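Colleague: I would like the atomic coordinates for the input below:
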Amino acid sequence: MKEKRREAGKSAVVMYGVGNFSAQLSWTMVSTYLSVFYTDVFGLTPMAVSILMLVAKVWDGINDPMMGAIMQKNHSRWGKYRPFIFVGSLILMVFTVLTFSVPGFGSTGRLVWAYVTYIGLGMSYTMENVPFNALPSRMTKDPNRINQIFSSGMMGGAAGGILLMSCTLPIVTLLGEGSQKAGYQRTAALYAAVSVVLNIIVLHFCQENVEDAPDASKSEISTRESFAAIFRNKNLMLLFLYTLIMMTAVMGRVGVMVYFYMYCVNAPALMGILMIIPNIAGLAVMPLAPAVMKKYGKKAAAILGCVLGAVGLAMMFFGPYTNIPWMVAASVIYGLYSIGAPCGGGLLIDAVDDYEASEGVRTEGLAFSVNGLMNKIGGGIGSAAGIALIGAFGYQNGTKITESIKTGINLGANCMPFLIMLAAIVPLLFYNLDEKKMAEVRQKLQQKQIRE
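Modeller: Just a heads-up that it's a prediction; the model follows:
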């Protein structure tokens, strides 16, 4: 008789958070500092960076669903998702270092290098992160435990963001020994190596406890039918749209945030602290997320997060951004958007479960990959729009920072994401699955499994 695997316990919940902390060693490094690295160290223009990011995300439009289709068919003895996380983390380590390296080529050669390494980085991150995001659905079927796992992941991500935003530039200076090129490369290598070690530890604790049905590999539908099922799932499509819009807002700000604090707020001694205040606020509020989701529902918590984030961004844009106490207060309120951050994974699993109960088709691997695609496209659009906006207002490396350039930076860092974050509420209003209905759905799925 096959040994029954244990249900995900508290150690698995905690270690999933460590896994997302590990992911930030690449994700936050790239999302926060790559634009500045490209313009101020690598030597690309803001427009070239903007086009590069858009082109890379177009490829991700093909790459992510391909990963989902591969995951959907995998039934290895090591698990459905864990092998991809391990191999992906090794490849990601290599491309993280290469992306933050400046080769001794001419301008054309360096641009080609940037395209190859950044696209390779995105592909390896897809291989590692898409299955990682889907992993909780295989760790447990308990909805409250799933909420705890996703909340732990968000807390780990926030902690990683705090560490990287506060420590990266000092580490670059320390390891570079006077050379920004060497500093960025060595810092990327350090982060990548630590990330691989942490992922190995995480995979030991985060087991896949939910088994496939004995005939699952035989009864699977084709990839084409899986995609058709995805597009017929209305709630899933609404959630994809929410993810796309929300990530456009969040990553649009992250992509130009360093410019805002460097040139607009103009408080170099406080720059590192101000940048991490939203992450600290998010880390403080995220332990409350499971209780908020349980009492008010995941949808309401997600909407609350959008509202709080938008209010904080509006304060930064309209308020006196050189007034440090004001900026601290605005940053804290903006960081409270994280109360809704853990909701996305749970809402996605709900949509997949509901469709399986009504149509008999389960597409969780592909659903998470498409949602990952929305993350990347949103991040690409936001980052490209932000960097293009400050370029349109005249920013170039080495130029004098005029009031016009400051206006463009403030628009990109605060106004644009403020408006987009409000727009993210719209698809949530039409998402029609609540906790009462999902209790009925899960009961129906359990009865079906018993009959089978």
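
Colleague: in what helix or strand does residue 427 lie?
Modeller: Per DSSP states H and E: residue 427 is located in helix 425-430.

Colleague: residue nearest the centroid of this structure?
Modeller: Geometric centre of the chain, nearest residue: residue 375, 6.2 Å, by C-alpha atoms, centre = their mean.

Colleague: Chain neighbours aside, what residue packs nearest to it?
Modeller: residue 247 (5.0 Å; C-beta to C-beta, 6 or more residues apart in numbering). For glycine as for every other residue, the C-beta is placed from the backbone atoms N, C-alpha and C.

Colleague: what number of residues lie near that neighbour?
Modeller: 24 (other C-beta atoms under 10 Å).

Colleague: element containing it, please.
Modeller: Residue 247 is part of helix 234-259 when elements are defined by DSSP H and E.

Colleague: So which other helices or strands are in contact with the following helix or strand past that helix?
Modeller: Remark: after helix 234-259, the chain's next helix or strand is helix 271-285, criterion DSSP H and E. Counting contacts by 3 or more C-beta pairs under 8 Å, 6 or more residues apart in numbering; DSSP states H and E, helix 271-285 packs against helix 143-176, helix 324-335.

Colleague: Out of these, which one sits most buried?
Modeller: helix 143-176 (a mean of 22; mean count of other C-beta atoms under 10 Å).

Colleague: Report all helices and strands that that one contacts.
Modeller: helix 10-36, helix 136-139, helix 180-205, helix 271-285, helix 289-296, helix 343-359.

Colleague: Show me which positions of the last one end up buried.
Modeller: Yep, that's helix 343-359 we're talking about. For helix 343-359, burial by neighbour count (16 or more other C-beta atoms under 10 Å) applies to 343-357.

Colleague: same check, this time on the longest one
Modeller: Residues of helix 10-36 classed as buried: 12-36 (neighbour count, 16+ other C-beta under 10 Å).

Colleague: picking that back up, per-residue pLDDT, the residue nearest to the centre of the chain?
Modeller: What the model reports as pLDDT for residue 375 is 80.

Colleague: if we can go back for a sec, the helices and strands packed on helix 143-176 into a markdown table, with extra columns for mean pLDDT and distance to residue 44?
Modeller: Listed next are the helices and strands packed on helix 143-176 as a markdown table, based on pLDDT from 0 to 100; distance: least, C-beta to C-beta, whole Å:
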| stretch | mean pLDDT | distance to residue 44 |
| --- | --- | --- |
| helix 10-36 | 85 | 9 |
| helix 136-139 | 82 | 38 |
| helix 180-205 | 92 | 14 |
| helix 271-285 | 86 | 23 |
| helix 289-296 | 86 | 38 |
| helix 343-359 | 87 | 32 |
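
Colleague: Could you report the neighbour count for residue 224?
Modeller: By the criterion of other C-beta under 10 Å, residue 224 has 9 neighbours.

Colleague: ditto for residue 392
Modeller: Look at residue 392: counted by other C-beta under 10 Å, it has 14 neighbours.

Colleague: ok, it - contacts?
Modeller: Contact criterion C-beta atoms under 8 Å, 6 or more residues apart in numbering gives residue 408 as the residues in contact with residue 392.

Colleague: Now do it against residue 265, distance only.
Modeller: For residue 392, the distance to residue 265 equals 21 Å [C-beta to C-beta, to the nearest Å].

Colleague: And residue 329, by the same measure?
Modeller: Distance of residue 329 to residue 265, computed by C-beta to C-beta: 14 Å.

Colleague: Residue 387 now?
Modeller: Distance from residue 387 to residue 265, by C-beta to C-beta: 18 Å.

Colleague: out of these two, which sits in the more crowded spot?
Modeller: residue 387 (30 against 21).

Colleague: For residue 87, which residues are in contact?
Modeller: By C-beta under 8 Å, 6+ apart, the contact set of residue 87 is residue 127.

Colleague: Return the set of buried residues in the host helix or strand of it.
Modeller: Using DSSP H and E, residue 87 falls within helix 82-99. Within helix 82-99, the residues that count as buried by 16+ other C-beta under 10 Å are 82-86, 88-93, 95-99.

Colleague: continuing past it, what's the next helix or strand?
Modeller: Going down the chain from helix 82-99, the next helix or strand is helix 107-134, by DSSP H and E.

Colleague: Where in this structure is the helix or strand with the lowest mean pLDDT?
Modeller: Between all helices and strands in the chain, the lowest mean by mean pLDDT, DSSP states H and E belongs to helix 216-219, at a mean of 45.

Colleague: helix or strand right after it?
Modeller: Using DSSP H and E, the helix or strand that follows helix 216-219 in sequence is helix 223-232.

Colleague: residues making contact with that next one?
Modeller: Contact partners of helix 223-232, identified using C-beta under 8 Å, 6+ apart, comprise 65, 69, 72-73, 221, 236-237, 355, 359, 361, 363, 366-367, 370.

Colleague: please redo it, this time with the cut-off set to 6 Å
Modeller: 69, 361, 363, 366 (C-beta atoms under 6 Å, 6 or more residues apart in numbering).

Colleague: cool, and stretch 338-349?
Modeller: Residues from elsewhere that reach stretch 338-349, judged by C-beta under 6 Å, 6+ apart: 137, 146-147, 150-151, 154, 239, 282, 285-286, 289, 298, 301-302, 304-305, 367, 371.

Colleague: how far out from the middle of the chain is stretch 390-400?
Modeller: From the chain centre to the centre of stretch 390-400 is a distance of 28 Å (C-alpha atoms, centre = their mean, to the nearest Å).

Colleague: Now it: average pLDDT?
Modeller: Mean predicted confidence for stretch 390-400 is 84.

Colleague: Just the buried positions in it, please.
Modeller: So, applying 16+ other C-beta under 10 Å, buried residues of stretch 390-400: 390, 391, 393, 395.

Colleague: The last one belongs to a helix, doesn't it?
Modeller: In this case it means residue 395. No - secondary structure of residue 395 (DSSP: H, G, I helix; E, B strand; the rest coil): coil, not part of a helix.

Colleague: I figured it was touching residue 405, is that so?
Modeller: Yes - between residue 395 and residue 405 there is a contact at 5.0 Å, judged by C-beta atoms under 6 Å.

Colleague: can you list residues touching both of the two?
Modeller: In contact with both residue 395 and residue 405: no residue, using C-beta under 6 Å, 6+ apart.

Colleague: Need the residues that contact stretch 102-109.
Modeller: The contact list for stretch 102-109 (C-beta under 6 Å, 6+ apart) reads 42, 113, 181.

Colleague: The first one and residue 444: what is the separation?
Modeller: The reference is to residue 42. 54 Å.

Colleague: Neighbour count: these two, which is higher?
Modeller: More neighbours surround residue 42 than the other of residue 42 and residue 444, with 24 against 15 (other C-beta under 10 Å).
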